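Undergrad: Starting from these lines, generate the structure:
(3 chains)
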Amino acid sequence: MRYTTLVSVLVIASLLLAGCVEHPEEPEVGSGELKIGVVASLTGSASATGTDMWQSAVLAAEEINAKGGVVVNGVPMTITLVQGDDESSPKAGVEAVTKLITEDKVDLLVGGFSSGVTSADSVVAAEHKVPFIITGASSPVLTHRTDIDTSYFFHHCPTTDDYGERTTIFVNEIIKPEIYARFNFPEDRPLRMALLYQDSAYGIGVHDATTKTIETYNLNIEIVAAEKFKMGETDYRTPLTVIKATEPDVIYPVAFLNEQTLIVTQGRKDVGLDSIYLSVECNDDPDYYTGVERWGEYSIQESRFGPYAIPAGPIESAVETFRDDFTARWGAPPSMMGASTYEGVYIAAEAVKNAGTVDKAAVRDALAEIEMSQMVEAMQGGVITFTQDYRESKFDLYMQQLFWDDSVGETRPKIVWPNSVKETDFVLPDWYEPGST
Amino acid sequence: MKQERISIKGWIGICSLILALLIPFLVRINTYILTVLIIMFVFIIYASAWNLLTVSGQGSLGHAAFFGIGGYVSAIVANSLGLPLGATILLGGLFAAVIGLFIGFTCIRLREWFLAMVTFGFAVIAHTITAELSWITGGWDGIPAKKLISVTIPNYLLYEYYVMLVLTVAVLSIFYLILKSKMGLALEAIRENELEAKVMGINVAKYKLTAFAISAYFTGVAGALQIHHFGYITPEIYGVDISFWPIIYCISGGLFTIEGPILGTIFITFLDASLKSFGFTYERLILIGLILILEVIFLPRGLVSLPAKIKSWLKVS
Amino acid sequence: MDISLFAQILVWGLYAGCIYILLAIGLNLIFGVMKVVNFAHGELLMLGAYAAFWLYAYSRLNPYLVLPLAMLLIALLGLSMERLGFRPIMGTGKLNEIFLSLGFMYLFQNLVAYLWSTNSRSVRSPYSSISIPLGAIKLPLDYLIIIIITVVFLIAFQLFMKQTNLGRAMRATSQNREAAALMGVNVERMDMLSFALGSALAASAGGLWLISGQLVDPYVGAIPAIKAFAVIIIGGLGSIPGAIIAGLTLGIAENLVPLLMRFFMELFGISMSFTAWKDTIAFFILIIVLVLRPTGIFGEQGE
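TA: Numbering: from 1, shown residues only, chains lettered A, B, ... in the order given. Next up, the predicted model:
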């Protein structure tokens, strides 16, 4: 038994030692280094997205450093990124953010993907008053909550409120007139919309945003079905069969990439629900086009940054450069969460430059007043700026329709809305079947 | 009367305790280390509670259910009735114990791995129902929970650390007493051979249920402690990872003993944190998986049995 | 409720049931012979799907043709799990076996995520656009193939167990290990064979699942495996007909019960979706069955 105790002493001693060794005199800030903590899931279920976010942040930091770093009061500072793996779990998220703030002494935080994880780990950031540019989690609750001081949080990615509102308005403005013209529906007939949404903060958020939009704008749209599914579900045939029985005109799945692919293929192939499928912007990914095969033809996809279509106009060349540089650096194209994280690092650099210091309160004030031109994602008004009330940046989401491309043997997206970036008109396919007349 | 001698094991316990009391100052009140240690204390309580159930031969794969229920009940009661956290945490545990008793009752006649399935399933059920009861639980958005010690107090983490330390020591003492008592012996007899235990006149059902209730109670307390440390609770608390951590901790440290879960939690937490600081991602999870497999095969009694094992090898050779 | 709606949902349940049955038969076999419960069985399904994916990606053959090779690879893996993992701990207690299989589960998931990332993979079946009209329902050809393959496997399996010497030896081992050993059956070889066969069946389930249009990522194995456990618990340990009936019942019930619950709630004027309750319902069924009959519906008393 003596050895048992010996082992315990050794373990505890080594733990202590690690604590002491890992903690040499930290150089105080102002040493020409801007430390940014990147909170992302590098392991766990969300790790594909998390890795993308980390790689985008690295690219941004390398670009900024190559151009001489962030010049603060005439002194150049280089950006150092520190990795914080939240493991897609709140426990690890809290530990990671605490480490970034108190051990690595980061000046800002960028990233954060799952809303459930971020709502736990952002408590630490609020407590230490560290500016946090949230670039992945979509729940508006993150900056709306009142139990903690959220004034240091800046939401730089569209929220579930934005997703639902833009899509619903698009349906009302573009899809509805097409359907009504072809089938001679009277104007007072409400458009029949079916929702198939993930049982999560994300799914429920978009569901609520959709109903709220219909109410706010007094749209003539009726939600005929609202079916929930468990995250990671693989078999949607039953809910789709039920939805088919309610005779919808359009179907709005609120799902992640894997789920969306299966919903569209199972809906068209197995259930024979020949309708227009909508999609939330987070699914504009190469894997989606490979996965849905021909079944994705004519479906609609909301987007802010995607692998194929680029909105014409001011950001076109910036998107191409970013995509090429990212592919050259990491061997695969970036995703939309990567794009906003890339911008997040630039926003952080700009704020520090404007503040003229790394003092956290000053950086927060600079972030609140920031006005920088859009980078690789179209922003409303062409500038990245945060709203006064909940510190959300407003994206100019666009809608794409998928068309079959024989040269690649897959569908490819074309932008159909809004008019400022439109490439082609929305097409109602021949096989389309409306709901009840 | 013979003088009661303190065993070497006892001395080590005392030394570790003194060390634990001094750690905050040795690390100069380092926030990160204190946070890791506080969460580690929570998981020591949790892993020890899981271990107690295992002592009775009942392996649970869904203890996150009790962890989450304890957390939710405590957070909700504290928010709505404004009771002090000391009371709500106990209430959270109590609620978990009642549910645990109910689950234990349905499982009483089941074989080991039927029970494993039922407990796993129960965590899934608890997850769904919690998310569905959004008017109480906040659904998927979750709800804020009061902080154990107000963040406005300077060095509040230091106080939190000592509160957690005292609680951990108290809970471990209770487990120690239970394992040393008649009940502990009965539970071991049941685990070794349920039929024989019955023949020996042990009330198997009573002891198994009691173990279930006590285990669920302290798991609920641990869950409540964690969320009052975090300040927020979401249904992620029912995650499969939360059910698996105590299993990993207990197996690596040593099942059925009082020191096993403690050692295992410290060892894995330390291993995980240090590998993470070197930038390892999946490599560290693969390593933990390998450790788990190798220990089950070659060191089924965990790290605590390593010295004895080495000693016996040395003797043989 | 509309009858055609009902019929359609029954078909979806049938398809889901086939995958559960293939998994459950393999689990049951391993349990029968070795009395070991392999919680990493779902990971064998996942690895089988990955094997099919990589073989298909490199060979570009018809995906159904690479299935046997994928099954063989996973059978070898299962064999090594038995030899290196479960054999050394045999007889040290049921809990140890559960913990060991959890270790394998954790290891395989993270190893695959490390090697091949968590991006989901798909395989394109050459028949994916062909459907067979069956009255009001369209049945995709791939599902028909899956149902046929499942039936063929079941018949072949049954013939093997009943008609061949090896199969009889395996059955003898599952009935009474000591007696079988005394009769000259090499029980250790039976252990290896059961693990290899069970793993191959899991791999076939994974491969068929992928070909039928599903996606594979490192975490897809967990849920089907848990359902397969529920199936053999409900059907009774060691009972093949029990597993078939329970597999189909579970597949149909988890698709139908959410609907019935909704219609029921609507009677009270509450509109609520229960489709997200699929897994929850499966576990409710499991718990109810176990409370009423701790050995399962078709199970024999004792082990």
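Undergrad: Please tell me I have it right and A:S279 contacts A:I300.
TA: Yes. With contact defined as C-beta atoms under 8 Å, A:S279 reaches A:I300; the gap is 6.5 Å. (C-beta placed from N, C-alpha, C; glycine too.)
Undergrad: So for the closest residue to chain A within the stretch 201-303 of chain C, what pLDDT did the model give?
TA: Nearest residue of the stretch 201-303 of chain C to chain A, counting by C-beta to the nearest C-beta: C:A276, 3.9 Å away. Per-residue confidence at C:A276 stands at 87 (pLDDT).
Undergrad: A:S279 and A:I300: who's more crowded?
TA: The residue with more neighbours, out of A:S279 and A:I300, is A:S279; 28 against 23, by other C-beta atoms under 10 Å in any protein chain shown.
Undergrad: coming back round to it: tally of neighbours for the residue of the stretch 201-303 of chain C closest to chain A?
TA: The burial count for C:A276: 23, using other C-beta under 10 Å.
Undergrad: residue contacts, it?
TA: Residues near C:A276 by C-beta atoms under 8 Å, 6 or more residues apart in numbering or on different chains: A:D199, A:K228, A:F229, A:K230, A:E233, B:T128.
Undergrad: quick one, helices of chain B?
TA: In chain B, the segments counted as helices under DSSP state H are B:8-26, B:31-55, B:64-81, B:85-107, B:112-132, B:134-137, B:156-180, B:182-192, B:194-199, B:204-230, B:240-253, B:259-277, B:282-298, B:306-316.
Undergrad: Generate JSON lines for the ones you listed, with mean pLDDT and distance to A:D104 as supplementary columns.
TA: Formatted as JSON lines, these follow (pLDDT from 0 to 100; distance: least, C-beta to C-beta, whole Å):
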{"stretch": "helix B:8-26", "mean pLDDT": "85", "distance to A:D104": "20"}
{"stretch": "helix B:31-55", "mean pLDDT": "94", "distance to A:D104": "9"}
{"stretch": "helix B:64-81", "mean pLDDT": "96", "distance to A:D104": "29"}
{"stretch": "helix B:85-107", "mean pLDDT": "93", "distance to A:D104": "31"}
{"stretch": "helix B:112-132", "mean pLDDT": "89", "distance to A:D104": "34"}
{"stretch": "helix B:134-137", "mean pLDDT": "92", "distance to A:D104": "34"}
{"stretch": "helix B:156-180", "mean pLDDT": "94", "distance to A:D104": "17"}
{"stretch": "helix B:182-192", "mean pLDDT": "92", "distance to A:D104": "45"}
{"stretch": "helix B:194-199", "mean pLDDT": "90", "distance to A:D104": "52"}
{"stretch": "helix B:204-230", "mean pLDDT": "95", "distance to A:D104": "20"}
{"stretch": "helix B:240-253", "mean pLDDT": "93", "distance to A:D104": "24"}
{"stretch": "helix B:259-277", "mean pLDDT": "92", "distance to A:D104": "10"}
{"stretch": "helix B:282-298", "mean pLDDT": "93", "distance to A:D104": "19"}
{"stretch": "helix B:306-316", "mean pLDDT": "86", "distance to A:D104": "34"}
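Undergrad: now B:K208, nearest residue through space, not along the chain?
TA: Distances taken as C-beta to C-beta, 6 or more residues apart in numbering or on different chains place B:S56 nearest to B:K208, at 5.4 Å, with adjacent residues excluded.
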